[in-house]
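Trainee: just coords:
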């Protein structure tokens, strides 16, 4: 699509989350000595402006929610040259016991640190998205395994690597609706994502086999929504699901353009 990939945004947001945890002294020492961390369970991302080749970026982050075991981080990714917000993420996490592998109530001193750094979120509000209750009408779109190199500092499948799998699944789903590489190359069109809502439901470890199914659930004039569901084949659990809104992008004008009739 000739702009920064969604996986690269997620990698930047992941780095930012680790950085802010370190800044408030709930980072590596907290993980290693107290065996506690913050495990991501939901991400809501809005993409507002393109970032093209060679442009510089930076991320500003804050603690924007603390309630019980739940801590929410807010991130804004900027085009550093122009000072414009290119994307935002609200990242919902659980205070996590690394040995028991479960959510755990926070110690008073941990909660005090978080509350002392709590900031009001002024980014886009989260739109609550419903997901199909079953996989009726979903098409096979991905089959792979979790690699050792894809584990994060919490010892499980890193939240930003899920996006690589869902991005691959998206391309298979697009092929199924005639949004093919040939169409994109010949017509100078591309799928440009403007919103992602992702729910992480179960942990996955190195060697776990992944199966993904996808379906188109909404179609507008130039926009459409694809929902992806990811299963752990070893356990049979639904491990994650993602809602992805995108537009048919004119790659020369860099603007949305109506979907052709055959794709519709």
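Mentor: Thanks, I have the structure now. Just so it is clear, the structure is predicted and the values come from calculations on it, not from any experiment.
Trainee: CA atoms for contacts and neighbours, from now on please.
Mentor: Will do.
Trainee: and residue 65, bridged to which residues?
Mentor: Counting by DSSP bridges, residue 65 is bridged to residue 72.
Trainee: Surely residue 21 and residue 31 touch.
Mentor: No - Residue 21 is not in contact with residue 31 according to Cα atoms under 8 Å; the separation is 10.3 Å.
Trainee: and those two? which has more neighbours close in?
Mentor: residue 21 (20 against 17; other Cα atoms under 10 Å).
Trainee: SS state for the closest residue to residue 3 other than its chain neighbours?
Mentor: Nearest residue to residue 3, sequence neighbours excluded (Cα to Cα, 6 or more residues apart in numbering): residue 52, at 4.7 Å. Secondary structure, DSSP: H, G, I helix; E, B strand; the rest coil: residue 52 is coil.
Trainee: residues contacting residue 52?
Mentor: 2, 3, 4 (Cα atoms under 8 Å, 6 or more residues apart in numbering).
Trainee: just the buried members of the residues you listed?
Mentor: When neighbours are counted using 16 or more other Cα atoms under 10 Å, the contacts of residue 52 contain no buried positions.
Trainee: So residue 89 sits against residue 74, correct?
Mentor: Yes - between residue 89 and residue 74 there is a contact under Cα under 8 Å: 5.9 Å.
Trainee: what does stretch 133-145 rub up against?
Mentor: Stretch 133-145 is contacted by residues 165-166, 168-170, 172-173, 206-215, 229 when judged by Cα under 8 Å, 6+ apart.
Trainee: now, which of those residues lie within strands?
Mentor: Cross-referencing the contacts of stretch 133-145 against strands under DSSP state E gives 209, 210, 211, 212, 213, 214, 215, 229.
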